[in-house]
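Chemist: no FASTA, just this:
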């Protein structure tokens, strides 16, 4: 077998884990921390530093390939797995996953993932664990087959070698104005996220949010080069529903009003409301999408909360309960399932956005690029971290290097042919 040993190394995520329930309930921001009592299980404070666990596969030639496990920023919210616990995950990896890894053919990627991620105690392994180990297995297959991770995915899923770059989406964090300027100067494809995660940021009746949307559009015209036309994408963390009510028609009307305020731009609204369960989210998002389509609005609904695993994504896509699905990579689990999720969205003619979290690492971000490019997703997140420069550099440069390699391999194959 190609894997002869497994290494584990504790590490840091690139941002913090935040208790979404506490923030929605009014936890006050004081500098960088939130003051208040945590409400979600596993949180000892409303904001805690993100942790990660690296898993290294020692191959027969002594090459070590790595993948990183972690939770997303808002762990334990919206039906997600609880906050990442290094000791718990490390113990489970050592006791259950390592013996499986030592018994698979690492050159066969999808087959190896299926065997390593078989159920344990009648349930699925933690999704963070699947995420990190599947990255390492993808790197192992690429090393053993002397190719790129993207080409492994293309081979396993019978996809053509891609030629098109995938648009990159940056997120601003709380430093909205400064980071919007950075995004515009760097001609980011999709911006700015905005982190509209509290009543203070959304405003009474959404007025603060509306002003921010108009400011972003104006600033883009002021600073952007001629012809620059980014997609404006705002994550409102359910605050439209929180502030103006959970009636789909009312929510759709508000979104149309926002879109009308920036008529020259495509507008994405992520998580307009949280209806409390996956089925309620599907039913009501489908109604909002239908209303927007009937009204001819250019606004697009992006689902995040309550849409976590591959099965969740299937349900939303089949119901047309979003224009665009965020495939939140650590919540999906195995990164092979991220590839499947993109292809599933395409099958149902729903947009596929390979997202993730600011809490991720450089390793998981680079692996996500290969999945995004191989499957030709509609957009992908600049990650990790909550700044612009680092994530945009890591994801953008990885994509450019990958496309250069794929072009070389394509040319070589044509010459041989």
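Modeler: Now that the structure is in, tell me what you want to look at. The shown structure was predicted, so the numbers you read here are calculated from the model rather than taken from an experiment.
Chemist: name the element the residue nearest to residue 48 when sequence neighbours are not counted belongs to?
Modeler: Once flanking residues are discounted, residue 48 sits nearest to residue 17: 5.2 Å by C-beta to C-beta, 6 or more residues apart in numbering. (C-beta placed from N, C-alpha, C; glycine too.) Using DSSP states H and E, residue 17 falls within strand 3-18.
Chemist: so what strands line up beside that strand?
Modeler: strand 47-59 (antiparallel) (DSSP bridges).
Chemist: can you tell me the closest non-neighbouring residue to residue 194?
Modeler: According to C-beta to C-beta, 6+ apart, the nearest residue to residue 194 is residue 234 (4.7 Å).
Chemist: kindly apply the preceding question to residue 382 instead.
Modeler: Closest to residue 382 by C-beta to C-beta, 6+ apart is residue 391, at 3.8 Å.
Chemist: what do you get for residue 34?
Modeler: Residue 34's closest residue in space is residue 46 (C-beta to C-beta, 6+ apart), at 3.7 Å.
Chemist: what does the pLDDT read for the one you found?
Modeler: Predicted confidence (pLDDT) for residue 46: 96.
Chemist: that one against residue 19, yeah?
Modeler: Yes - counting by C-beta atoms under 8 Å, residue 46 does reach residue 19; the two are 4.7 Å apart.
Chemist: so which of those two has more stuff around it?
Modeler: residue 19 (28 against 25; other C-beta atoms under 10 Å).
Chemist: from residue 253, how far off is the more buried one?
Modeler: As judged by C-beta to C-beta, to the nearest Å, residue 19 and residue 253 stand 32 Å apart.
Chemist: same thing with residue 363?
Modeler: Distance from residue 363 to residue 253, by C-beta to C-beta: 43 Å.
Chemist: next one: residue 399
Modeler: From residue 399 over to residue 253 the distance is 38 Å, taken as C-beta to C-beta.
Chemist: of these two, who's got more company?
Modeler: residue 399 (20 against 15).
Chemist: which non-adjacent residue is nearest that one?
Modeler: residue 369 (5.2 Å).
Chemist: show me what contacts that neighbour?
Modeler: 166, 380, 395, 398-399, 402 (C-beta atoms under 8 Å, 6 or more residues apart in numbering).
Chemist: hmm, 10 Å instead?
Modeler: 149-150, 166, 168, 354, 377, 380, 383, 394-402 (C-beta atoms under 10 Å, 6 or more residues apart in numbering).
Chemist: which helix runs longest in this structure?
Modeler: Longest helix of the chain, by residue count under DSSP state H: helix 389-416.
Chemist: could you give the bridge partners of residue 54?
Modeler: residue 9, residue 68.
Chemist: show me the contact partners of the helix or strand just after the strand holding residue 17.
Modeler: Once strand 3-18 ends, the next helix or strand along the chain (criterion: DSSP H and E) is helix 20-24. Residues from elsewhere that reach helix 20-24, judged by C-beta under 10 Å, 6+ apart: 27, 29, 34-41, 43, 45-47, 73-78, 80, 197-199, 237-239, 242, 274, 305.
Chemist: next, the buried residues of the helix or strand that helix 20-24 is followed by.
Modeler: Downstream of helix 20-24, the first helix or strand assigned by DSSP H and E is strand 28-30. The neighbour-count check on strand 28-30 (16 or more other C-beta atoms under 10 Å) flags residue 29 as buried.
Chemist: buried residues in the helix or strand following strand 28-30?
Modeler: The helix or strand immediately downstream of strand 28-30 is strand 33-35, counting by DSSP H and E. Counting neighbours by 16+ other C-beta under 10 Å, one finds that the buried residues in strand 33-35 are residue 34.
Chemist: tell me which strands and helices strand 33-35 is in contact with?
Modeler: In terms of contacts (3 or more C-beta pairs under 10 Å, 6 or more residues apart in numbering; DSSP states H and E), strand 33-35 is packed against strand 3-18, helix 20-24, strand 28-30, strand 47-59.
Chemist: sketch out the low-pLDDT regions of the stretch 1-150 of the chain for me.
Modeler: Across the stretch 1-150 of the chain, the ranges flagged by pLDDT under 70 are 1.
Chemist: all strands of the stretch 251-400 of the chain, in order?
Modeler: 267-270, 300-303, 324-327, 351-354, 379-381 (DSSP state E, counting those that start in this stretch).
Chemist: just the mean pLDDT for the third one, thanks.
Modeler: Across strand 324-327, pLDDT averages out at 98.
Chemist: that strand pairs with which strands, and in what direction?
Modeler: strand 300-303 (parallel), strand 351-354 (parallel).
Chemist: out of the ones you listed, flag the one nearest residue 64.
Modeler: strand 351-354 (26.0 Å; C-beta to C-beta).
Chemist: show me what counts as buried in that closest one.
Modeler: In strand 351-354, counting by 16+ other C-beta under 10 Å, buried: 351-354.
Chemist: now stretch 275-282
Modeler: 275, 278, 281-282.
Chemist: over to stretch 143-151?
Modeler: 143-144, 147-151.
Chemist: what do you get for stretch 307-317?
Modeler: So stretch 307-317, judged by 16+ other C-beta under 10 Å, has buried residues 307-310, 312-317.
Chemist: residue 243 reaches residue 200, doesn't it?
Modeler: No - with contact defined as C-beta atoms under 10 Å, residue 243 does not count as touching residue 200 (11.4 Å).
Chemist: name the residue in the two with the higher neighbour count.
Modeler: Shown here are residue 243 and residue 200; by other C-beta under 10 Å, residue 243 has more neighbours (18 against 11).
Chemist: any idea how far that one is from residue 396?
Modeler: Using C-beta to C-beta, we find residue 243 at a distance of 35 Å from residue 396.
Chemist: go on, residue 299?
Modeler: Residue 299 is 27 Å from residue 396, by C-beta to C-beta.
Chemist: same deal with residue 195?
Modeler: 21 Å.
Chemist: can I get the helices and strands packed on strand 33-35 in CSV including distance to residue 406?
Modeler: Shown next, in CSV, are these (distance: least, C-beta to C-beta, whole Å):
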stretch, distance to residue 406
strand 3-18, 27
helix 20-24, 38
strand 28-30, 44
strand 47-59, 24
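Chemist: which one of those lies nearest to residue 106?
Modeler: Of these, nearest to residue 106 by C-beta to C-beta is strand 3-18, at 5.3 Å.
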